[in-house]
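Chemist: Here's my sequence, what's the structure:
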Amino acid sequence: MMTAAAIFIELVDEIARSRGRTDLAFRSIRTAHGLTEVESIVLTAVTHAQRPSTVPQIGRALGHPRQVIQRAADALAARGLMEWRDNPDHKRARLLVPTAQGVAMREGDDAEGLRLAAQLTQGIAPELIARAVADLRAIRMALTENLRAIAERDDMETIDA
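Modeler: Sure thing, here's the model as predicted:
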């Protein structure tokens, strides 16, 4: 019988392989606008956010270093896809807010993404995908809690859920 750790390593491998295929499938959407992968991820995070976020908040949520998110945010702001706003809760960590141009780009990309996703998921039962989403979400949340416990024990940085 395989241990949870051994099965987890297989899961990580399958996720990496799946990510490679989805990256290839969706790459055309990102490159049509000349965005890097991180810029596209940051634009999505900002346009889909319930409220404006800071670079450190986005970095923690995505598991990326703050400096990587900062470079992407600066590039997106320079292109007019998002803008900086003062943060009443923090003097230096400004808030990121999408511009109308950024929202329009993301909405167009989301529509194209759904079209591609419909092609990619042909022959896959929606229930199978929904179950995988629920299972992966539960695993991610448990990993987040375990990472927090490890970080507290070892005085390390952690990520948000």
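Chemist: could you point out the longest strand in this structure?
Modeler: Identified as the longest strand of the chain according to DSSP state E is strand 90-98.
Chemist: pretty sure Leu35 is in a strand, no?
Modeler: No: under DSSP: H, G, I helix; E, B strand; the rest coil, Leu35 falls outside any strand and is assigned coil.
Chemist: Tell me the pLDDT of it.
Modeler: Here the pLDDT value assigned to Leu35 is 93.
Chemist: returning to that earlier point: give me the helices and strands touching the helix or strand following the longest strand of the chain, please.
Modeler: Note on strand 90-98: by DSSP states H and E, the next helix or strand toward the C-terminus is helix 100-120. When contacts are defined as 3 or more C-beta pairs under 8 Å, 6 or more residues apart in numbering; DSSP states H and E, helix 100-120 packs onto helix 4-32, helix 37-48. Just so you know, the C-beta spots here come from the backbone N, C-alpha and C atoms, and that holds for glycine as well.
Chemist: got the CA positions of helix 100-120 in CSV?
Modeler: Provided in CSV are the C-alpha atoms of helix 100-120 (Å, rounded to 0.1, in the frame of the first residue of the first chain):
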residue,chain,number,x,y,z
ALA,A,100,-11.5,49.6,-18.1
GLN,A,101,-9.0,48.4,-20.7
GLY,A,102,-7.7,45.7,-18.3
VAL,A,103,-11.2,44.5,-17.5
ALA,A,104,-12.1,44.4,-21.2
MET,A,105,-9.0,42.5,-22.1
ARG,A,106,-9.6,40.0,-19.3
GLU,A,107,-13.3,39.5,-20.3
GLY,A,108,-12.3,38.9,-23.9
ASP,A,109,-9.6,36.4,-22.8
ASP,A,110,-12.0,34.7,-20.4
ALA,A,111,-14.5,34.2,-23.3
GLU,A,112,-11.8,32.8,-25.5
GLY,A,113,-10.6,30.6,-22.6
LEU,A,114,-14.1,29.2,-22.3
ARG,A,115,-14.2,28.4,-26.0
LEU,A,116,-10.9,26.6,-25.7
ALA,A,117,-11.9,24.8,-22.5
ALA,A,118,-15.1,23.5,-24.3
GLN,A,119,-12.8,21.9,-26.9
LEU,A,120,-10.4,20.5,-24.3
